[in-house]
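*Asks:* quick one: sequence and predicted model below, then my questions.
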Amino acid sequence: MKPLLPITLTADAFRPFGEVIETDNASEIHLINKGTTTRFHDIAPVDVSDKGGRPIISIFRGKPFVLPIRISMMERHPLGSQAFMPLAGRPYLVVVAQDMAGRPGEPQAFLASETQGVSYAKGTWHHPLLALGDVSDFLVLDRGSNDANLEEADYPEPYAINALT
Ligand SMILES: NC(=O)N[C@@H](O)C(=O)O
Ligand code: NI
């Protein structure tokens, strides 16, 4: 298997794939509620309305992956964005790829901290949830509909994440 080494997740590095949901990535900050709350405004778009889609909030309870982690497939949601926000206080892995003529290109792996969420832009190739350390809950905002909104693709040769840094 081809080795795949994660890098630290940053908003700039992830931008070709979507947005990192973290306070440092807010372009607008508002003091609200009579100064008792700071609003880190509009960090990522919710792009789910294609073909009658509607925004829904779910909780994903991910079982932990153990090294070495095999990356043999990727998926994408052609009709909507998908956002994950960790609730468990643990880092997790994010694996994404550019589109190459309708198939996922070379994967890029990121180690996300326990305070960083990610929003995959509509149609972005990504690996399904990769929790680490223990069973971990994530708040997920994505597209509700009766259609599949899921495209999967296998890599001809799998990759292996053998270490986190
Ligand atoms: N299938 C499902 O809803 N989960 C995936 O989309 C994922 O990205 O984890
Ligand atoms: Ni997904």
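*Replies:* That came through, no problem. Ligands and ions are numbered 1, 2, ... in the order given.
*Asks:* need the outlier residue of this protein, farthest from its centre.
*Replies:* Relative to the C-alpha centroid of the chain, counting by CA atoms, centre = their mean, K34 is the outermost residue, at 33.5 Å.
*Asks:* give me the phi and psi for D12.
*Replies:* Main-chain dihedrals, D12, degrees, to the nearest 10: phi -60, psi -50.
*Asks:* before we move on, what about T124?
*Replies:* Residue torsions, per degrees, to the nearest 10, at T124 are phi -80, psi 130.
*Asks:* same deal with P156?
*Replies:* phi -60, psi -40.
*Asks:* roughly how far does it sit from M74?
*Replies:* 12 Å (CB to CB, to the nearest Å). Heads up, the C-betas are built off the backbone N, CA and C, glycines and all.
*Asks:* settle it for me: which of those two has more neighbours?
*Replies:* In this view P156 and M74 are compared by other CB atoms under 10 Å, and M74 has more residues nearby, 23 against 6.
*Asks:* so what's the more buried one closest to, chain neighbours aside?
*Replies:* Distance criterion CB to CB, 6 or more residues apart in numbering; nearest residue to M74, sequence neighbours excluded, is P104 at 4.0 Å.
*Asks:* who does that neighbour bridge with?
*Replies:* Note on P104: beta-bridge partners by DSSP bridges are D99.
*Asks:* so the spatially closest residue to I7 that is not a sequence neighbour, which of the three states?
*Replies:* Take I7 and drop its neighbours on the chain: the residue closest to it by CB to CB, 6+ apart is F110, 6.0 Å away. Put simply, F110 is strand when judged by DSSP: H, G, I helix; E, B strand; the rest coil.
*Asks:* and F110, how many residues sit next to it?
*Replies:* Around F110 there are 20 other residues, counting by other CB under 10 Å.
*Asks:* next one: L139
*Replies:* Neighbour tally, L139, other CB under 10 Å: 15.
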